[in-house]
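Colleague: give me a model of this one.
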Amino acid sequence: MSKQLWVIDPVHSDIMFKVRHMMITNVSGVFDQFNGVMHSNAADFSDADISFEAEVSSINTRNEQRDEHLKSADFFDVANHPKLTFKSTGLTKKSENSYELVGDLSLRGVSKTLKLDVEFNGVVIDPWGQVKAGFEMNGIIKRADYGLMWNAQSEDGSVVLSEDVRLQITVQMIKQL
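Modeller: Predicted structure coming up:
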């Protein structure tokens with residue numbers, strides 16, 4: 001039996017990241033164009049298979065000059081690597097609404113295993129009769145693992161960007177009938 005299809009609702013979802021800047025604040029950004037699907041039959045989604053992709057050129061940090069730099073070969077190299085993708089390889093239920101999602105994140109031509117902590121927020125029927133499920137996911141990637149090596153030093157010798165990038169993902173999935 002094939003699993004039930006769920007698709008991401010981009011209007012009610014955010015794919016956000018944060019990186020420490022100058023080691024005193026964080027710079028955050030989002031990807032504005034993305035899509036994802038989940039296949040699952042279990043009411044608690046414990047059998048879910050998940051795939052996701054984002055258009056890297058849709059990066060938005062609320063600063064056009066920074067966004068253009070992030071699209072360049074110094075960072076994401078959008079001309080040669082226009083998408084980032086994620087494909088799940090495992091989902092482990094840790095408690096009633098808590099999971100660990102493991103999968104392959106491909107970014108800038110490099111694929112690495114990514115672990116995300118997942119909180120399942122429930123299933124509801126919206127006012128238009130759509131069945132929706134909500135999830136929040138958090139994780140950390142190392143920039144250098146994906147060839148994102150650019151950095152600079154401040155006058156006091158500290159680095160401009162931290163190695164860790166924190167991912168904060170909030171999604172609503174819509175059950176397809």
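Colleague: confirm for me that residue 38 is in contact with residue 47.
Modeller: No. Counting by C-beta atoms under 8 Å, residue 38 does not reach residue 47; the two are 10.2 Å apart. Placement of C-beta: from N, CA and C, glycine included.
Colleague: quick one: which of the two has more around it?
Modeller: A direct count of neighbours by other C-beta atoms under 10 Å for residue 38 and residue 47 places residue 38 higher, at 23 against 12.
Colleague: ramachandran angles for the more buried one?
Modeller: Taking degrees, to the nearest 10, you get phi -140, psi 140 for the backbone angles of residue 38.
Colleague: so what's it bridging to?
Modeller: Note on residue 38: beta-bridge partners by DSSP bridges are residue 6, residue 50.
Colleague: so who does it touch?
Modeller: 5, 6, 7, 45, 48, 49, 50, 173 (C-beta atoms under 8 Å, 6 or more residues apart in numbering).
Colleague: mind redoing it with 7 Å?
Modeller: Residues in contact with residue 38 (C-beta atoms under 7 Å, 6 or more residues apart in numbering) are 6, 48, 49, 50, 173.
Colleague: again, but for residue 100
Modeller: Contacts for residue 100 were tallied using C-beta under 7 Å, 6+ apart; they are 92, 94, 115, 117, 118.
Colleague: what is the burial count for the second one?
Modeller: Summarising burial for residue 94: neighbours were counted as other C-beta under 10 Å, giving 10.
Colleague: likewise for residue 122?
Modeller: Using other C-beta under 10 Å, residue 122 has 9 neighbouring residues.
Colleague: quick one on the thing from earlier: just flag the most distant two among the contacts of residue 38.
Modeller: Based on C-beta to C-beta, the longest span within the contacts of residue 38 runs between 49 and 173 and measures 12.5 Å.
Colleague: just to revisit the earlier point, next, format the contacts of residue 100 as CSV and append secondary structure and pLDDT.
Modeller: Shown next, in CSV, are the contacts of residue 100 (DSSP: H, G, I helix; E, B strand; the rest coil; pLDDT from 0 to 100):
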residue, secondary structure, pLDDT
92, strand, 95
94, strand, 96
115, strand, 98
117, strand, 98
118, strand, 98
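Colleague: can you give me the helices for the chain?
Modeller: Per DSSP state H, the chain carries helices over the ranges 64-71.
Colleague: any stretches of this structure with poor pLDDT?
Modeller: The model of the chain has pLDDT under 70 over residues 1, 22, 24, 149-161.
Colleague: hey, what's the residue lying closest to residue 115 once chain neighbours are set aside bridged with?
Modeller: Distance criterion C-beta to C-beta, 6 or more residues apart in numbering; nearest residue to residue 115, sequence neighbours excluded, is residue 102 at 5.3 Å. When assigned by DSSP bridges, residue 102 has beta-bridge partners residue 90, residue 115.
Colleague: no further questions, thank you.
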